[in-house]
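# Kindly return the folded structure for what I paste below:
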Amino acid sequence: MSCDDSYVVENIVAQLILNLDEVAAADAARFGPKAANQAALGHAGLPIPGGYAVDAAAYWIQLESLGLTDSVRAAATAEVFEEARQHISRVRINLFDEPIVPEVLEPLLAARQSLVDRFGKPLVVRSSALMEDQAGSTFAGQFESFLGLESEDDFITAVRACWAALWASRARQYMTHHHITPADTAMGLLIQPLVEARASGGGMSLTANKGMLLTATWGLGSAIAQGEIVPDRYDLDRNGTLCDTVVGHKDHSVHCVHHQVGPSAQAVAAPRVQEPCLNEKQIKELSDLLVRAEDLLGKPVEIEWAQDETGFKMLQARPLKMEPAQVPDEIWLRHPGIKGHPSGIGWGSGRACVINCECELSRLAPGDILVTKVAGPALSQVLPRVSGVVAELGGSTSHLASLARERGIPMVLGVPEATRKIPDGVQVGVDGVMGMVRWIN
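Below is the predicted model:
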């Protein structure tokens, strides 16, 4: 692409879409905190993949062009559920099916082509709602991210799906808990080249015991975010000194392959399943990035990162809610326990409800401790009903763990054979800070 062509592309894109290098791209009111924080990280000199932030105004332009603004308002104010559902369905169906208006589509395609020409890699499209990634309402795992997009059609489909995700039932339930509706917010977007990750993970700049924590797995980080594996856990002090390493069980990794739509899981070779993903030098480098992100946001943060052949890239930084540890009653210390990844806040106890399939979730009674195998974001719907969560897979930086901390729910993930060892119906105590689960036989 010539210098003249590059200038034309940037000039077209500038109407609704900004390069993350531009100062204005850090405006969360326009682009949403996820995209704005990514831009701010880059401005501060932290390594990011680059890319573009799409103004939430593009979402509103599309709604108006499709004549959906009345439906948006009606869905928010309808007193009868059936009436609201009709308006919501109309919004979602039209966002998915109808063509994107030219004044939005043209800069979107220009941004896409610019990244393809510059990086020669598949793309990523992520949601960046205006109310996302804020203290008290992270929306972790509630919206959409699409990885490995190569064709123009797949790219456009991802944009539409991210806009429509604002109206998905899971996101609406989350909003209801926070006393907001989709009409109160809008959807920005983040468009970036895919990081062809050797390893990925998360991090917390402050834990309940006043330290820091990193998690890691092979390949893309979606296996951690979705609670599908037990990641490596690295506990550090506030100086970034490694205090403890707990190697996870990473039996599969997620990768994007050229000419394949979307990421796919691949089995990890046996010797690498329990091999640490990071060495001490890499841990120190990541801990330094974690501290710099905390300094930039001015508060404790949770991050997502990926490592390719050129080094580490920061993919996300959002505020982290963390509260002091609670001391359980001494009687619990007399009973058997198993340790996992501390993933929630505080201490909770209740009746164990062992669930082996989502179809059994109706068995959960208010105040129960959910004991299950996979702790994915789909379980967010039951968090308001439980006193705690224990799962065999997952780690401290999964999406569900973020939601548990936000709601103040004790959670321990990565607990080996929890569904077999903890009898259904017994009294269980969950220490979300120390990562210990105990039960009374």
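
# ok, now which ones touch Gly337?
Neighbouring residues of Gly337 by Cβ atoms under 8 Å, 6 or more residues apart in numbering: Met436, Val437, Arg438, Trp439. Every residue, glycine included, has its C-beta placed from N, CA and C.

# Under the pLDDT cut-off, which ranges of the stretch 201-350 of the chain? List them.
With pLDDT under 70 as the threshold, the stretch 201-350 of the chain has low-confidence stretches at 257-262, 322-331.

# go again using 80 as the cut-off
Applying pLDDT under 80 to the stretch 201-350 of the chain flags residues 208-209, 254-265, 321-336, 344.

# Most neighbours of all the contacts of Gly337, which one?
Tallying neighbours with other Cβ atoms under 10 Å puts Val437 at the head of the contacts of Gly337, with 26 neighbours.

# any idea how far it lies from Val390?
Spatial separation of Val437 from Val390 under the definition Cβ to Cβ, to the nearest Å is 5 Å.

# same thing with Gly408?
As for Gly408, its distance to Val390 is 17 Å (criterion: Cβ to Cβ).

# Neighbour count: these two, which is higher?
Higher neighbour count among Gly408 and Val390: Val390, with 28 against 14, using other Cβ under 10 Å.

# So what sits opposite the more buried one in the bridge?
When assigned by DSSP bridges, Val390 has beta-bridge partners Val371, Val412.

# shouldn't it be in contact with Gly414?
No - Val390 is not in contact with Gly414 according to Cβ atoms under 8 Å; the separation is 9.9 Å.

# shared neighbours, these two?
Applying Cβ under 8 Å, 6+ apart, one finds that Val390 and Gly414 are jointly contacted by Gly340.

# phi, psi of His252?
In this entry, His252 is assigned phi and psi values of phi -140, psi 160 (degrees, to the nearest 10).

# How many neighbouring residues does the residue nearest to it when sequence neighbours are not counted have?
Counting by Cβ to Cβ, 6 or more residues apart in numbering, the nearest residue to His252 once its immediate chain neighbours are dropped is Ala265, at 4.7 Å. As a burial measure, Ala265 scores 16 neighbours (other Cβ under 10 Å).

# quick one: the strands in the stretch 151-300 of the chain?
Ranges of strands within the stretch 151-300 of the chain are 187-193, 199-204, 212-218, 232-236, 242-246, 252-255, 264-267, based on DSSP state E, counting those that start in this stretch.

# could the ones you listed go into TSV alongside distance to Ala56?
Shown next, in TSV, are those (distance: least, Cβ to Cβ, whole Å):
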stretch	distance to Ala56
strand 187-193	4
strand 199-204	26
strand 212-218	31
strand 232-236	36
strand 242-246	40
strand 252-255	29
strand 264-267	31
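
# out of those strands, nearest to Ala293?
In terms of Cβ to Cβ, the element of the strands of the stretch 151-300 of the chain nearest to Ala293 is strand 199-204, at 8.5 Å.

# contact partners of that closest one?
Where contact means Cβ under 8 Å, 6+ apart, the residues beyond strand 199-204 that reach it are 212-221, 224-225, 231-232, 277-278, 286-287, 290, 300-307, 315, 320, 322, 395-398.

# Helices along the stretch 251-400 of the chain, start to end?
Chain-ordered helices for the stretch 251-400 of the chain, with DSSP state H, counting those that start in this stretch as the definition, fall at 270-273, 280-297, 399-407.

# OK, contacts around the closest residue to Gly211 other than its chain neighbours?
Taking Cβ to Cβ, 6+ apart, and ignoring the residues beside it in sequence, Gly211 has Asp237 as its nearest neighbour in space, at 5.3 Å. Shown in contact with Asp237 (Cβ under 8 Å, 6+ apart): Gly211, Met212, Cys243.

# Now do the same contact list for the first one.
Taking Cβ under 8 Å, 6+ apart as the criterion, Gly211 is in contact with Asp235, Leu236, Asp237, Arg238, Cys243.

# Most neighbours among those, please name it.
In terms of neighbours by other Cβ under 10 Å, the contacts of Gly211 top out with Leu236 at 23 neighbours.

# Could you export stretch 199-219 as CSV, CA atoms only?
Coordinates of the C-alpha atoms in stretch 199-219 are reproduced here as CSV (Å, rounded to 0.1, in the frame of the first residue of the first chain):
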residue,chain,number,x,y,z
ALA,A,199,0.9,-18.8,25.6
SER,A,200,-1.8,-16.6,27.1
GLY,A,201,-3.3,-15.8,30.5
GLY,A,202,-4.5,-13.3,33.0
GLY,A,203,-3.3,-11.4,36.0
MET,A,204,-4.4,-9.6,39.1
SER,A,205,-2.4,-6.7,40.5
LEU,A,206,-3.8,-7.2,44.0
THR,A,207,-5.0,-10.3,45.8
ALA,A,208,-6.7,-10.6,49.1
ASN,A,209,-3.4,-11.5,50.8
LYS,A,210,-1.9,-8.3,49.4
GLY,A,211,0.2,-10.0,46.7
MET,A,212,-0.2,-10.4,42.9
LEU,A,213,-1.2,-13.3,40.7
LEU,A,214,-0.6,-14.5,37.2
THR,A,215,-2.2,-17.4,35.3
ALA,A,216,-1.1,-19.0,32.0
THR,A,217,-2.0,-21.7,29.5
TRP,A,218,-0.7,-22.8,26.1
GLY,A,219,-2.3,-21.1,23.0
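
# what's the distance between that stretch and the middle of its chain?
Stretch 199-219 has its average C-alpha position 14 Å from the chain's average C-alpha position, going by Cα atoms, centre = their mean, to the nearest Å.

# same question, stretch 174-185
Put simply, stretch 174-185 sits 18 Å off its chain's centre (Cα atoms, centre = their mean).

# For it, buried residues please.
Of the residues in stretch 174-185, those buried by neighbour count under the rule 16 or more other Cβ atoms under 10 Å are Tyr174, Met175, Thr181, Pro182, Ala183, Thr185.

# Tell me the one of the residues you listed nearest Arg160?
Each of these was scored against Arg160 by Cβ to Cβ, and Pro182 proved nearest at 15.4 Å.
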